[in-house]
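In: Any chance you can model this:
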Amino acid sequence: MISIIKNIVRTSFVLAAFFALINLSHAQAPTPVAVSSLPKVAPSWSLKDLEGNLVSSDQFKGKVVVIDFWATWCGPCRQEIPGYVELQKKYAADGLVIIGVSLDQAGASVVKDFVNKYLVSYKIVMGDDKTAEAFGGIDAIPSTFIIDRDGLIRDQKVGSVRTADFEKRILKVLMPGKAQG
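Out: Sure thing, here's the model as predicted:
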């Protein structure tokens with residue numbers, strides 16, 4: 001886990017600097033990473049929430065699930081959280097579930113304090129090496145996956161994206177006939 005975190009920190013700093021330069025020169029959000037191998041079957045996972053209860057991917061069958069690998073110390077991750085709270089509230093009745101997978105090494109108590117302070121209302125679980133590797137290895141955070149109702153990964157992004165732009169991507173999976181953009 002330590003080597004993964006060190007790689008994430010290193011890569012996150014590089015990506016943050018890169019995205020900052022892009023934002024300064026183009027005044028828009030970074031372009032998400034294109035993943036040509038999609039769709040593919042999402043891996044099964046089972047992780048503990050902040051109360052120590054086991055949460056598994058099986059609990060969300062038939063839902064559209066956003067899996068967001070993040071950490072409390074990650075600036076771009078923190079920027080996206082209010083948008084995820086908004087999207088979860090807006091589309092929960094339509095079958096959207098957002099799961100934050102914390103990669104914080106300091107433990108659940110630090111994450112729990114953060115969640116309470118910033119009023120994070122969607123499910124947060126504590127990540128591990130096995131889950132990160134199952135999703136193809138997490139080299140930078142935030143790394144976010146959109147999984148359709150059939151359990152297929154339909155979209156993936158690395159880095160922060162404006163809420164309105166990510167909402168369009170979610171809607172293509174959540175409401176394919178009604179999605180625009």
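In: which residues of the chain fall in strands?
Out: Using DSSP state E, the strands of the chain run over 40-41, 46-48, 54-56, 64-70, 96-102, 123-126, 143-147, 152-158.
In: Pairing partners for the second one, with directions?
Out: Read it as strand 46-48. The pairing partners recorded for strand 46-48 under DSSP bridges are strand 54-56 (antiparallel).
In: per-residue confidence averaged over the strand it pairs with?
Out: Averaged over strand 54-56, pLDDT sits at 98.
In: try stretch 109-120
Out: Across stretch 109-120, pLDDT averages out at 96.
In: surely residue 125 meets residue 99?
Out: Yes: shown here, residue 125 and residue 99 form a contact pair, counting by C-beta atoms under 8 Å, at 6.3 Å. Backbone N, C-alpha and C define where each C-beta goes, glycine included.
In: between the two, what contacts are shared?
Out: Taking C-beta atoms under 8 Å, 6 or more residues apart in numbering as the contact definition, residue 125 and residue 99 share the neighbouring residues residue 55.
In: Look at residue 44 and say how many residues are nearby.
Out: By other C-beta atoms under 10 Å, 11 other residues sit near residue 44.
In: next one: residue 57
Out: By the measure other C-beta under 10 Å, the count of residues near residue 57 is 19.
In: what residues are up against it?
Out: Contacts here follow C-beta under 8 Å, 6+ apart; on that basis residue 57 touches 42-46, 65, 151.
In: which stretches of this protein have low pLDDT?
Out: By pLDDT under 70, the low-scoring segments of the chain are 1-36, 179-181.
In: please redo it, this time with the cut-off set to 90
Out: Per-residue confidence of the chain (counting by pLDDT under 90) places the weak regions at 1-39, 176-181.
In: Which parts of it are helices?
Out: 2-26, 75-91, 108-117, 129-134, 163-174 (DSSP state H).
In: what about the most centrally placed residue in the chain, distance to residue 56?
Out: A centroid search over the chain (C-alpha atoms, centre = their mean) returns residue 68, at 1.4 Å, as the residue closest to the centre. Here the distance between residue 68 and residue 56 works out to 17 Å (C-beta to C-beta, to the nearest Å).
In: Dump the contacts of residue 57 into TSV; add distance to residue 52 as well.
Out: TSV is the format used below for the contacts of residue 57 (distance: C-beta to C-beta, whole Å):
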residue	distance to residue 52
42	24
43	22
44	20
45	16
46	13
65	21
151	26
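In: Quick check: beta-bridge partners of the closest residue to residue 68 other than its chain neighbours?
Out: Residue nearest to residue 68 in three dimensions, not counting chain neighbours: residue 144, with 4.6 Å by C-beta to C-beta, 6 or more residues apart in numbering. When bridges are taken as DSSP bridges, the partners of residue 144 come out as residue 68, residue 157.
In: I'm done for today, thanks for sticking with me.
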